[in-house]
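1. Quick one, structure for this:
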Amino acid sequence: MAKKAANKSIPAASPTPTPTPRPTDAELAILRVLWAKGAATVREILDAINEDRIPPLVYTTVLTFLQIMTDKGLVLRDTQGKTHVYRAAVAAEKTQRHLVKDVLERVFSGSVSQLVMHALGSRKISADEVREIKAMLNEIDHTPPTSK
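-> Numbers count the residues shown, from 1 in each chain. Predicted coordinates:
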């Protein structure tokens, strides 16, 4: 009798998560609206952006950006009848950390002190911001080192 070969299936490799692409300035403006509102229609996003913008954007421009951002994985779209409602796919804090890490590596060669010195020297900061920074530094200073 011929021995049957074992039919072993090779488990599929788990998909490697693709990093969220770095948003452009225009995409960040849209994301800021979505982070503030949670979810919004194209019209709501357009109105919010145009509050502070001269010249104002037009509806089709914002719609085009949202379509591109959906393809990139920056926003999620929910279709409610004829209306599309968008929301950010990634939290503001995660995007901010990703962008700061990118700037830290590309511009400051990983030097946190250089990044902080440039950030603090770039504009006048309020007394409240100084207190927050001091509290954060004090917390870091009193945090026990982690063992490896």
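2. Mean confidence (pLDDT) on the strand or helix carrying Thr64, please.
-> Using DSSP states H and E, Thr64 sits within helix 59-72. For helix 59-72, the mean pLDDT works out to 96.
3. Pull out the buried positions in the helix or strand that that helix is followed by.
-> As assigned by DSSP H and E, the chain's next helix or strand after helix 59-72 is strand 75-80. The neighbour-count check on strand 75-80 (16 or more other CB atoms under 10 Å) flags Val75 as buried. The way it works is simple: take the backbone N, C-alpha and C, and place the C-beta from them, glycine included.
4. Identify each buried residue in stretch 23-41, please.
-> 23, 27, 29-35, 40.
5. Any chance you could list what contacts that stretch?
-> 44-45, 48-49, 62, 65-66, 68-69, 74-75, 78, 83-88, 91-92, 95 (CB atoms under 8 Å, 6 or more residues apart in numbering).
6. pLDDT (mean, whole number) over it?
-> 96.
7. As TSV, the buried residues of stretch 23-41 with secondary structure and distance to Asn138 would be great.
-> Putting the buried residues of stretch 23-41 into TSV (DSSP: H, G, I helix; E, B strand; the rest coil; distance: CB to CB, whole Å) gives the following:
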residue	secondary structure	distance to Asn138
Pro23	coil	33
Glu27	helix	36
Ala29	helix	35
Ile30	helix	37
Leu31	helix	32
Arg32	helix	30
Val33	helix	35
Leu34	helix	34
Trp35	helix	29
Ala40	strand	39
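8. which residues in this protein form strands?
-> Ranges of strands within the chain are 40-41, 75-80, 83-88, based on DSSP state E.
9. Strand partners (parallel or antiparallel) of the shortest one?
-> This points to strand 40-41. When pairing is defined by DSSP bridges, strand 40-41 lines up against strand 83-88 (antiparallel).
10. between the strand it pairs with and helix 59-72, how many degrees?
-> 60 degrees (axes from the mean of the first three to the mean of the last three CA atoms, to 10 degrees).
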